[in-house]
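> After the sequence you'll find the predicted model.
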Amino acid sequence: DGGITQSPKYLFRKEGQNVTLSCEQNLNHDAMYWYRQDPGQGLRLIYYSQIVNDFQKGDIAEGYSVSREKKESFPLTVTSAQKNPTAFYLCASSTRTSSVDTQYFGPGTRLTVL
Amino acid sequence: GNSVTQMEGPVTLSEEAFLTINCTYTATGYPSLFWYVQYPGEGLQLLLKATKADDKGSNKGFEATYRKETTSFHLEKGSVQVSDSAVYFCALSLSSGGSYIPTFGRGTSLIVHP
């Protein structure tokens, strides 16, 4: 079955540590996105990539980094510079052909800083 | 800039009640409009969409009509079930420099009691 996988589902990190969240898709989509979800705040865009080896900052990129070395993969690193990283992180992909494109979401990773 | 405003939740209903979740938007252009649903602990999934004025999107008994004159895309269902309990997100998508980055509302939580 085609879809998006995120791992791990739950992640715990000590303060001062970097941590990488995995996102893989087998939908052959060009575009991939990372969102952060906090209670009552909806989804906020962290980074997005429209094509391999290229990515752009979203609304809340500070303290995060990404790479897009392969079409299928778009890992997100939460660095120690991110002041309040505890949140639910969602990865998504789309075909990037028009505004009617649907976004397909992974199941999410819940990150907790101890 | 673009924005989406949804009614605040939670919306609490009894089974078989009529549901309306209001959504209005502001956009510098002619967007496509979407409703996504998020079940507890999961990612978002597309519920329905509409791409031009007066289009009606429908799925699983849910409907929403693209109203350009009132810049609205209200979600309705005639008879809700306990299994409809979830968070519902209204979103728009517009082209911006060749990219199609969606704008999401904050989400509306629906709780359906037996």
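Perfect, I can see it now. Just so we're clear, the structure is a prediction, and the values are computed from it rather than from any experiment.
> Let me see the ranges of the strands in chain B.
Assigned by DSSP state E, chain B shows strands spanning B:3-6, B:11-14, B:19-21, B:23-26, B:32-38, B:44-50, B:56-59, B:62-65, B:75-77, B:86-93, B:95-96, B:99-100, B:103-104, B:108-113.
> In contact with A:Asn18, which residues?
Shown in contact with A:Asn18 (C-beta atoms under 8 Å, 6 or more residues apart in numbering or on different chains): A:Thr77, A:Val78, A:Thr79, A:Ser80. C-beta: built from backbone N, CA, C; applies to glycine.
> Let's see the pLDDT reported for B:Gly29.
Looking at B:Gly29, its pLDDT is 84.
> same thing with A:Thr97?
70.
> Tell me which strands the helix-or-strand element of chain B with minimal mean pLDDT pairs with, and in which orientation.
In chain B, no helix or strand scores lower on mean pLDDT, DSSP states H and E than strand B:95-96, which sits at a mean of 74. Strand pairing for strand B:95-96, determined by DSSP bridges: strand B:99-100 (antiparallel).
> Run through the helices of chain A in chain order.
In chain A, no helices are found when defined by DSSP state H.
> tell me which parts of it are close to chain B?
Proximity of chain A to chain B, by C-beta under 8 Å from any C-beta of the partner chain, involves residues A:4, A:6, A:31, A:33, A:40-43, A:45, A:48, A:50, A:56, A:58, A:90, A:92, A:94, A:96, A:98-108.
> so where do the strands sit in chain A?
Under DSSP E, chain A gives strands at A:4-7, A:10-13, A:19-25, A:31-37, A:43-51, A:54-57, A:64-66, A:76-78, A:87-94, A:104-105, A:109-113.
> any idea how far the least confident helix or strand of chain B is from the chain center?
Its chain's C-alpha centre and that of strand B:95-96 lie 21 Å apart, by C-alpha atoms, centre = their mean, to the nearest Å.
> just stretch A:7-18 next, same as before
14 Å.
> Tabulate the CA atom coordinates of it in CSV.
In CSV, the C-alpha atoms belonging to stretch A:7-18 read as follows (Å, rounded to 0.1, in the frame of the first residue of the first chain):
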residue,chain,number,x,y,z
SER,A,7,9.0,6.9,12.9
PRO,A,8,9.1,6.6,15.8
LYS,A,9,5.6,7.2,17.0
TYR,A,10,6.8,8.4,20.4
LEU,A,11,10.1,10.0,21.1
PHE,A,12,11.7,11.3,24.3
ARG,A,13,14.6,13.6,24.4
LYS,A,14,16.7,15.2,27.1
GLU,A,15,17.3,18.9,27.0
GLY,A,16,20.3,19.9,24.9
GLN,A,17,20.1,16.9,22.6
ASN,A,18,19.4,16.9,18.9
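> neighbours of the closest residue to chain B within chain A, just the number please.
Nearest residue of chain A to chain B, counting by C-beta to the nearest C-beta: A:Phe105, 3.4 Å away. By other C-beta atoms under 10 Å in any protein chain shown, 23 other residues sit near A:Phe105.
> Residues of chain B that sit close to chain A?
B:31-32, B:34, B:36, B:41-46, B:49, B:51, B:89, B:93-95, B:98-102, B:104-107.
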